[in-house]
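Asker: sequence below, structure please.
(one chain, ligands or ions: 1)
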Amino acid sequence: MNQLRADVLGTKLQSKPADNGVGLGRLLSLRILTTLTLLLVVVASFAAESPYDAINAEAATAVIETLPMRGGLGMLEGSGGNITVLAGADGTLLVDGGIALSRKRLEEAINALGPGPIKYVINTHWHWDHTDSNAWLHHRGAILIGHPNTAKNLASVITIEDWGHTFEPVPADARPTVLVNQTETMEFDGEDVEISAYQAAHTNGDLAVYFKKANVLATGDTYWNGHYPFIDYAVGGSIDGMIAAAQRNIDLVNDKSIVVPGHGPLGTRADLIEYKHMLVDIRDKVSILKKGGMSLDQVIAEKPSAAYDAKWGDFVIGPPLFLKFVYLGV
Ligand SMILES: [Zn+2]
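Answerer: As a prediction, this is how the structure comes out:
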């Protein structure tokens, strides 16, 4: 059933399929900031505190970097997960909103892309590094859009052991109220914004957002560019779901697409293909070892991801933790 409510959105809905049109829009006339290293600081600080606390502490002071794309789109980096901004005559639409401690610098960065009101925020999934700003964005007037399971997870008590944190329910006005569990397209700022649900992958409520004219895909955390991904088994995520989502992302784009990952720099279709091959190869290797009777510790000692660790294993999720996520799902 169509759950995206046109009366709430006040925008035109369309049902035609994606045409992968390459609308090369105007480049934003902003200064280009390209340094992508600040999250390494987060890794360095993990030793002393939980990942949750460390990432929050980083977001409290981090510079927000803006990467202009095309068609009125930009990516903001430096407040948890990547944020995609569409700014134009209708106002501003965000895909994810980062961490609330970054509010002042996020508002400056968003305003620099477009001074119009923030009308919509699409949550790619429930994790706080993507949804923690929901409250202040809603108080500024934004309508929150998300998967039904994102709304449910944000209303639940959920412990993520690997982050060292238990998440309490957020206030009702910080949860999405426009819910998407299939594929919906809305017109905004002259763009056709296609919102579509994955099967359970990184979580049980992942959404992709594809800007058809600009040919830009925001994948949420189904894709981490250059990093082993977190997989949230607490709510039904799995390695096989991540592989299916990776294939879906490949199918959604073409060779001219820009891909906004949940974490890491902007990518391409070729990057998505390399990522999927990495996931599949490690999954297959771990599956053989587990079916042969190995414990998780024995699998980790066997180093089945060794060929990938130098490229993918130096961020938040190191090789042992990623192997644990794979082992849990095979
Ligand atoms: Zn996530």
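Asker: hey, let's count contacts and neighbours off CA atoms from now on
Answerer: Will do.
Asker: is residue 74 bridged to anything, and to what?
Answerer: Note on residue 74: beta-bridge partners residue 68, residue 85, judged by DSSP bridges.
Asker: tell me who's in contact with it.
Answerer: Neighbour list for residue 74: 28, 66-68, 84-86, 113 [criterion: C-alpha atoms under 8 Å, 6 or more residues apart in numbering].
Asker: looking at it now. What's its pLDDT?
Answerer: If you check residue 74, the pLDDT there is 97.
Asker: pick the one among the contacts of residue 74 closest to residue 309.
Answerer: Using C-alpha to C-alpha, residue 67 comes nearest to residue 309 of the contacts of residue 74, at 27.4 Å.
Asker: now that closest one: how far from residue 109?
Answerer: 10 Å (C-alpha to C-alpha, to the nearest Å).
Asker: please enumerate the strands of the stretch 151-300 of the chain.
Answerer: 158-160, 165-167, 178-179, 183-188, 191-197, 207-211, 216-218, 258-260 (DSSP state E, counting those that start in this stretch).
Asker: so which of those comes closest to residue 119?
Answerer: strand 183-188 (9.7 Å).
Asker: CA atoms only for the closest one, dumped as PDB, please.
Answerer: Provided in PDB are the C-alpha atoms of strand 183-188 (Å, rounded to 0.1, in the frame of the first residue of the first chain):
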ATOM      1  CA  THR A 183       8.900   2.700  -3.400                       C
ATOM      2  CA  GLU A 184       7.600   6.300  -3.600                       C
ATOM      3  CA  THR A 185       8.600   9.300  -5.600                       C
ATOM      4  CA  MET A 186       8.100  12.900  -4.600                       C
ATOM      5  CA  GLU A 187       8.800  16.000  -6.600                       C
ATOM      6  CA  PHE A 188      10.900  18.600  -4.800                       C
END
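Asker: mind putting the strands of the stretch 151-300 of the chain in JSON lines, mean neighbour count and distance to residue 285 included?
Answerer: Listed next are those as JSON lines, based on neighbours: other C-alpha atoms under 10 Å; distance: least, C-alpha to C-alpha, whole Å:
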{"stretch": "strand 158-160", "mean neighbour count": "14", "distance to residue 285": "26"}
{"stretch": "strand 165-167", "mean neighbour count": "14", "distance to residue 285": "31"}
{"stretch": "strand 178-179", "mean neighbour count": "19", "distance to residue 285": "38"}
{"stretch": "strand 183-188", "mean neighbour count": "21", "distance to residue 285": "34"}
{"stretch": "strand 191-197", "mean neighbour count": "22", "distance to residue 285": "29"}
{"stretch": "strand 207-211", "mean neighbour count": "28", "distance to residue 285": "29"}
{"stretch": "strand 216-218", "mean neighbour count": "26", "distance to residue 285": "29"}
{"stretch": "strand 258-260", "mean neighbour count": "24", "distance to residue 285": "28"}
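Asker: thought residue 269 was touching residue 248?
Answerer: No. Residue 269 lies out of contact with residue 248 (C-alpha atoms under 8 Å); the separation is 11.2 Å.
Asker: ok, residue 67 and residue 109, which is more surrounded?
Answerer: Comparing residue 67 with residue 109 by other C-alpha atoms under 10 Å, the one with more neighbours is residue 67, at 21 against 18.
Asker: for stretch 141-160, measure first residue to last.
Answerer: Taking C-alpha to C-alpha as the criterion, the two ends of stretch 141-160 lie 30 Å apart.
Asker: how far does that stretch sit from the chain's center?
Answerer: Mean-position distance between stretch 141-160 and its chain equals 14 Å (C-alpha atoms, centre = their mean, to the nearest Å).
Asker: and stretch 166-180, average pLDDT?
Answerer: For stretch 166-180, mean pLDDT is 98.
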